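>>> the sequence isn't on hand, but the structure is:
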Ligand SMILES: O=C(O)[C@@H](CO)OP(=O)(O)O
């Protein structure tokens, strides 16, 4: 059994190196090209899909639209859920990662960005950008609506969705594509691979490269690989890691 994860193409705030989280920022023009390229890679490798999942954020949705359009698969069912959203970056949303590293140190920024159980400072509950004011989250209970999330919090909402909605479809033989975000994908991979809390710090997902997982009937990893040029992918991963450096 197989599933493909795709982190959305570069967003406007990725380009500006700002913490994004649940802020609904669109793709940059480069991000759109990355999505087109992802579709090309999938087509060239002979992939087909019966069903797709995405978050409720337009950078993942538009990436999926572009991929499905390029693959002539716009007709397949798509299920969107807040559970696949990026982790909520709390009060850091909108701030520049490199400037935060200058102000608080690279170590602190690494803890905020990549540690398993440290959550960033909370977004004020009365801040107009708080998700409780956003109609797309109106069906969530107050306990489900975050003001900030650690990777652990993100895992606690993505894994139940994987178990209840996504994995049963894969088990029934469907070919599934998941368009999501750096940290919602990290959370799912942590679960699928059984990566330790310490090791997860080193995992960075680049934008726009399809990530293929072959899994067993328990949903655990057999093997995984990216589609695309290995050197380009490594470079893109290092670039993501370096966004927390105090340079520039
Ligand atoms: O800002 C964000 O929402 C995420 C993804 O772009 O960033 P990071 O890689 O720092 O977790």
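Here it is on my side, so go on. Remember, it's a predicted structure, so these values are computed and weren't measured experimentally. Numbers count the residues shown, from 1 in each chain.
>>> for the chain, which helix is longest?
helix 29-44 (DSSP state H).
>>> and the next helix or strand past that helix?
Per DSSP states H and E, the first helix or strand lying C-terminal to helix 29-44 is strand 51-54.
>>> could you list the low-pLDDT ranges of this structure?
Of all residues in the chain, those with pLDDT under 70 make up the ranges 248.
>>> centre-most residue in it?
By Cα atoms, centre = their mean, the chain has its centre lying nearest to residue 181, at 1.2 Å.
>>> list the contacts of that residue.
The contact partners of residue 181, by Cβ atoms under 8 Å, 6 or more residues apart in numbering, come to 7-8, 55, 57, 59-60, 84-87. Where you see a C-beta, it was placed from the backbone N, CA and C, and this is true even at glycine.
>>> nearest to the ligand among those residues?
Nearest to the ligand, judged by Cβ to the nearest ligand atom, of those is residue 86 at 4.5 Å.
>>> what residues are up against that closest one?
Neighbouring residues of residue 86 by Cβ under 8 Å, 6+ apart: 20-22, 55, 57, 180-184.
>>> which ones are touching residue 223?
Listed by Cβ under 8 Å, 6+ apart, the contact set of residue 223 reads 213-214.
>>> and it, that's in a helix?
No - under DSSP: H, G, I helix; E, B strand; the rest coil, residue 223 sits outside any helix and is assigned strand.
>>> what bridges to it?
Beta-bridge pairing of residue 223 under DSSP bridges involves residue 214.
>>> use 32 as the first number for this chain going forward.
Sounds good: first residue 32 from here, last item residue 254.
>>> tell me how many other residues crowd the residue in the chain that the ligand sits nearest to.
Relative to the ligand, the nearest point of the chain is residue 51 (3.5 Å; Cβ to the nearest ligand atom). By other Cβ atoms under 10 Å, 24 other residues sit near residue 51.
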